[in-house]
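Undergrad: sequence first, then the predicted structure, then my questions.
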Amino acid sequence: MTILDILHYPDPRLRNKASEVQQIDDDLSQLLDDMLETMYAAPGIGLAAVQVNVAQRIVVIDVSEEKDQPLCLINPRILELNGVEEMDEGCLSVPGIYETVKRADNIRFSALDRHGQAFEMAADGLLAVCVQHEIDHLDGKLFVDYLSGLKRRRIRKKLQKELRSSAA
Ligand code: NI
């Protein structure tokens, strides 16, 4: 397995809109394993393919305490959004930044699993937030887009400065 490079905001490639996966094959299986490895190593609780510069509708998630319940979502789709909740969010593409975002607290979604099997699932709390956050990535959207323009500019400046100093 390979640890993949994660793109950092404001990299324009994070704005790519991902296309539907057409084929469940060994390459996809390999990518899922690499994405899980990359997410666990980071460490994070979710990773979308767009974040590793693959513009396909693929997400991996594990919100379990023991990090032993990987969830692979291929072509995920939100079916229902209910309720509102505010939670502090972070993102592997926006390192070191945590801000409160308002989202639905109760959702239903569908996806294909890693074998191409379609399934539906209900989620609340952290998993619900995580699924919404990751599906946003597939549409080129980041959690900082929910913040005020002022906050977003501040975050962009901070990360660009960090990028410059790590390149130097
Ligand atoms: Ni993220």
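TA: All right, it came through fine.
Undergrad: which residues of the protein fall in helices?
TA: Assigned helices in the chain, in chain order: 26-41, 125-138, 149-167 (criterion: DSSP state H).
Undergrad: which one of those lies closest to Ile61?
TA: Across those, Ile61 has its closest neighbour in helix 125-138 (5.4 Å, C-beta to C-beta). Placement of C-beta: from N, CA and C, glycine included.
Undergrad: outside of that closest one, which residues touch it?
TA: With contacts defined as C-beta atoms under 8 Å, 6 or more residues apart in numbering, helix 125-138 is touched by 14, 17-18, 45-51, 57, 59, 61, 63, 73, 76, 78, 81, 85, 87, 89, 91, 93, 101, 103-107, 109, 123, 142-143, 145.
Undergrad: please indicate which of the residues you listed are buried?
TA: With burial judged by 16 or more other C-beta atoms under 10 Å, the buried subset of those is 14, 18, 45-51, 57, 59, 61, 63, 73, 76, 89, 91, 93, 101, 103-105, 107, 109, 123, 142-143.
Undergrad: for the spatially most central residue of the chain, which non-adjacent residue is closest in space?
TA: The geometric centre of the chain, computed from its C-alpha atoms, lies nearest to Glu134 (C-alpha atoms, centre = their mean), at 3.1 Å. In space, and not counting its chain neighbours, Glu134 is closest to Val59: 4.2 Å by C-beta to C-beta, 6 or more residues apart in numbering.
Undergrad: again, but for His115
TA: Of all residues beyond its chain neighbours, the one nearest His115 is Ile24 (6.8 Å), with distances taken as C-beta to C-beta, 6+ apart.
Undergrad: go ahead and confirm the one you found touches Cys72.
TA: No. Here Ile24 does not reach Cys72: they are 10.7 Å apart, not a contact under C-beta atoms under 8 Å.
Undergrad: any common contacting residues for the two?
TA: Residues within reach of Ile24 and of Cys72 at once, by C-beta under 8 Å, 6+ apart, are Arg114.
Undergrad: who has more neighbours, the two?
TA: Taking other C-beta atoms under 10 Å, Ile24 and Cys72 do not tie; Cys72 has more neighbours (22 against 15).
Undergrad: if I look at that one, how far off is His115?
TA: Using C-beta to C-beta, to the nearest Å, we find Cys72 at a distance of 9 Å from His115.
Undergrad: who touches both of the two?
TA: Shared contacts of Cys72 and His115, defined by C-beta under 8 Å, 6+ apart, are not found at any residue.
Undergrad: and the strand ranked longest in the chain, what does it pack onto?
TA: Longest strand of the chain, by residue count under DSSP state E: strand 71-82. Under the contact criterion of 3 or more C-beta pairs under 8 Å, 6 or more residues apart in numbering; DSSP states H and E, strand 71-82 touches helix 26-41, strand 58-61, strand 106-112, helix 125-138.
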